[in-house]
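[1] Need the 3D shape of this:
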Amino acid sequence: MKTKKIVVGAIAASMLSLSVCSIAPAVFAAGETVQISASEETAKAGEEFTVTVSLADIPSTGIAGVDFAVKYDNTILSIDSVKAGIITETGAAGKDPSASDSAPLFDYTIDKDNGTVGLIWNTMLEESTYWIKSDGVFCTLTGKVSGNAADGAVSKIEFVPFARETRPGSGSDNDTISIGYLDGEAQKEYAYTLKNGSVTVGTPNTGLRGDANEDGEVNMADAVLIMQSVTNPDKYKLTTQGAANADVDGVSGVTNKDALKIQQFKLNIITEL
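    Predicted coordinates for the structure are as follows:
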């Protein structure tokens, strides 16, 4: 199987224990923009939280390399563990000769002193079959709110460049978020939009029954979102509060029956949720 080193932006070789190939300057893929987003969560002081980091609007060509970091307020939160999301399970790990326990395709660096988590997914495989092709969860970040955090305090979950050298020994600091692939010797990068998330300290809001999309209203859009989340949960993910709001049929767990109840409510077939 033919392989080629895929380098997005200036991914450090030491991160993946691979050599860096010589490539042409990056060219942006015209008209294609990937959305990077983080969820908004609420947790009490001293309790655990999980933030979901997702990619959306992934072009049909796919993504061979992802390189960015998450920044948070380390006086309010600590992030203790990172788990790769389902969209990184492309089959590349079983085919890519560069993948190993010491150099996984998905890798991360938690820097608690500076409140950052560096994130990388990168495959050598030239065949785009093994690239990221689907919208969905890229990773989850789990940690704990400081026991001294005040109610109402908010830590933003922001996306920033991975703070490191562009290449080991280069003396040049990385200053870009990179997401793309190689086309022959040409480095192609996608444009991107960022939707930062947050963790708010306090008791989670009980919410409005039926308000799955958390816009403050109960309408058919909530029923549609529930059905989408059931059929394609990687792309259409309810927040913890949204899922609690959506579960209205008296049976634990969000299903299409909850969407049906909301439709019946809006059509005045039933009078309450």
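[2] List the residues that contact the residue lying closest to Gly210 once chain neighbours are set aside.
    In this structure, Gly210 finds its nearest non-sequential neighbour in Val218, 3.9 Å apart by CB to CB, 6 or more residues apart in numbering. For every residue, glycine as well, the C-beta is placed using N, CA and C. Residues near Val218 by CB atoms under 8 Å, 6 or more residues apart in numbering: 208-211, 262, 265-266, 273.
[3] Point out the ones among these that are inside strands.
    Per DSSP state E, strands hold no members of these.
[4] can you list the residues you listed in CSV and add neighbour count and distance to Asp234?
    Shown next, in CSV, are these (neighbours: other CB atoms under 10 Å; distance: CB to CB, whole Å):
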residue, neighbour count, distance to Asp234
Leu208, 16, 26
Arg209, 17, 26
Gly210, 23, 24
Asp211, 22, 22
Ile262, 27, 23
Phe265, 20, 28
Lys266, 15, 27
Leu273, 17, 27
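[5] pLDDT and distance to Gly202 added to the residues you listed, as a markdown table?
    Compiled in a markdown table, the contacts of Val218 are given as follows (pLDDT from 0 to 100; distance: CB to CB, whole Å):
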| residue | pLDDT | distance to Gly202 |
| --- | --- | --- |
| Leu208 | 91 | 18 |
| Arg209 | 92 | 20 |
| Gly210 | 95 | 23 |
| Asp211 | 94 | 19 |
| Ile262 | 96 | 27 |
| Phe265 | 93 | 29 |
| Lys266 | 93 | 31 |
| Leu273 | 91 | 25 |
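[6] Report the buried residues of stretch 215-227.
    Residues 218-219, 222-227 are the ones in stretch 215-227 that count as buried (16 or more other CB atoms under 10 Å).
[7] wait, I meant stretch 230-242
    Using 16+ other CB under 10 Å as the test for burial, stretch 230-242 gives 230, 235-242.
[8] tally of neighbours for the nearest residue to Asp57 once chain neighbours are set aside?
    Spatial nearest neighbour of Asp57, chain neighbours left out: Gln35 (5.1 Å); criterion: CB to CB, 6+ apart. A count of nearby residues for Gln35, using other CB atoms under 10 Å, gives 14.
[9] Which strand or helix spans Gln35?
    Assessed by DSSP states H and E, Gln35 sits inside strand 26-38.
[10] Which residues does the helix or strand just after that strand contact?
    Later in the chain than strand 26-38, the nearest helix or strand by DSSP H and E is strand 40-43. With contacts defined as CB under 8 Å, 6+ apart, strand 40-43 is touched by 49-51, 145, 197-205, 239-241.
[11] Most neighbours among those, which one is it?
    Top of the contacts of strand 40-43 by neighbour count (other CB under 10 Å): Val199, with 27 neighbours.
[12] Parallel or antiparallel, list what pairs with the helix or strand hosting that residue.
    Counting by DSSP H and E, the element that carries Val199 is strand 197-201. The pairing partners recorded for strand 197-201 under DSSP bridges are strand 40-43 (parallel), strand 154-160 (antiparallel).
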